[in-house]
Structures are given as C-alpha cells and as structure tokens.
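Chemist: here are the coordinates; sequence isn't available:
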C-alpha cells in the first residue's frame, strides 16, 4: 500500500489545489488563500524573536505566552489547509446560515468559513481584538470577494458577542485558549441543536484547554465531542441537546 499523500477523491490539500469544493475554487478565494498561506510561513521568525521573552517569563514563573504576547500581534498562527477544508465542508454539510469565529487573526480561517456561508446563502461573523489584524482580516475578506457576506467585530469577544441575536449553526474557537470555555458558554444559548463547534490547538495547549475539553465531553452539557488529528488538534463537537 502506498503511503497517504494527504489527499482523497475530489479533495486535494493546499490553498492552490483545493478541488471539488466549489466555494474554494473561485479564483479570488483561491488566490487570496495562496497569498496568505505563503505569508504565514514567516510565523517561524516571529516565534524565534519571541523565544527569549517566553523563556524569561517561564523563569519568572509566568506562562510563556505572557512573555510572547507582544510579538504575536504579527503572527498568523493559521489553521492548516486540511482543517480549512474540513471547516468548509462541514459548514456546507449542515447548511450553516450563521457562522461565528472567535479569534479571526489575519483571516485565513475566516475565508474558508465565509466561502461556505456564501454558498449556503448565509453570513460569517468573526471577532478580533488586535487592531492590525482587524483591518487586515477585513481587507483579506474583500480580496477574496467575501466582503458582502462577512463582518469582523472589533474588540473583546466577550463584549462584542454578548448581545449576539441570531441562532448559530457553526462556531470556531481559535483565540486565546483560556477564553474558549467562557466564549462557548456565552454563546451556548444561541447554538442550535445539531450545530457544530470546532476548537483549535487541542494538542498544543493541553493544560490550558483541559477544562474546555472536559466540558465538551460531559454529556450533561449537551455535546458529543472528539478530537480530530488535524493540524495541532481540532476538537469537533456536535450540539445534541437544546439548553434547558
């Protein structure tokens, strides 16, 4: 048997080669994803520059992320193309009309989700707190031809999403890890039965995300959940019960 190449029938991995997924084959979407995924490769140098500050924070008994934080405003920290394909296809599968993201960054994941929203006749809403990332994400969505079906809420998601009115069909959590659970609980009343929640970086931050994973795995909270071995671990949760 030949080793897997990361592809399957009708689905070729990579921003320049996502085939079989109509919304991602559009030239403006594809070219924008290729450009951003190439730019994101420079993240390694951001982390190199942040390493001394992160180590110093650890030596002082503080979380390494606290030391690295000033540098991360320039980091993409994107989802992988494989994850993007799964996000897009899941949104299409469930016919998601309202898609929300916590932690939009420069907008790579937003493009996958907004492309699905457009094909579904729905809308994408992202959230971001870093000013430079807010303006870049909005520009990148426009570049991908998705500006008319998307918006980025600027500020702390716990505030910008507090009065969110529409029922949510798909939610992606990819911001600060200690806020996954608070944001999920904030939006829980808006999650439809059979809605889907994705959470990234489960393998990268196992300690920080342990409370979130435990919550999603506790059936009393109304979810069925598992970790997909994509990227740095993608928690895939389905809402199976309305909030009582």
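Modeler: Here it is on my side, so go on. Predicted model, so just to flag it, every value in this text is computed and none were measured.

Chemist: Show me the strands in the chain, by range?
Modeler: According to DSSP state E, the chain carries its strands in the segments 98-102, 123-128, 150-154, 168-173, 191-200, 223-228, 234-239.

Chemist: where along the chain do the helices fall?
Modeler: Using DSSP state H, the helices assigned to the chain run over residues 22-25, 27-39, 43-59, 64-68, 81-93, 108-120, 131-143, 157-160, 180-187, 210-217.

Chemist: quick one: low-confidence ranges for the chain?
Modeler: 1-19, 42-51, 53-54, 56-58, 63-73, 75-76, 243-244 (pLDDT under 70).

Chemist: nearest to residue 37, of the strands of the chain?
Modeler: strand 191-200 (15.6 Å; C-beta to C-beta). For the C-beta atoms, the positions are set from N, CA and C on the backbone; glycine is no exception.

Chemist: buried stuff in that closest one?
Modeler: Using 16 or more other C-beta atoms under 10 Å as the test for burial, strand 191-200 gives 191-192, 195-200.

Chemist: from the chain's centre, how far out does that strand sit?
Modeler: On the basis of C-alpha atoms, centre = their mean, to the nearest Å, strand 191-200 sits 12 Å off its chain's mean C-alpha point.

Chemist: That strand to strand 168-173, inter-axis angle?
Modeler: Here strand 191-200 runs at an angle of 20 degrees relative to strand 168-173 (axes from the mean of the first three to the mean of the last three C-alpha atoms, to 10 degrees).

Chemist: and the residue nearest to residue 173 when sequence neighbours are not counted, what is it in contact with?
Modeler: Sequence neighbours aside, residue 199 is the residue nearest to residue 173 in space, at 4.2 Å (criterion: C-beta to C-beta, 6 or more residues apart in numbering). Residues in contact with residue 199 (C-beta atoms under 8 Å, 6 or more residues apart in numbering) are 172-174, 180, 209, 212, 216, 234-235, 237.
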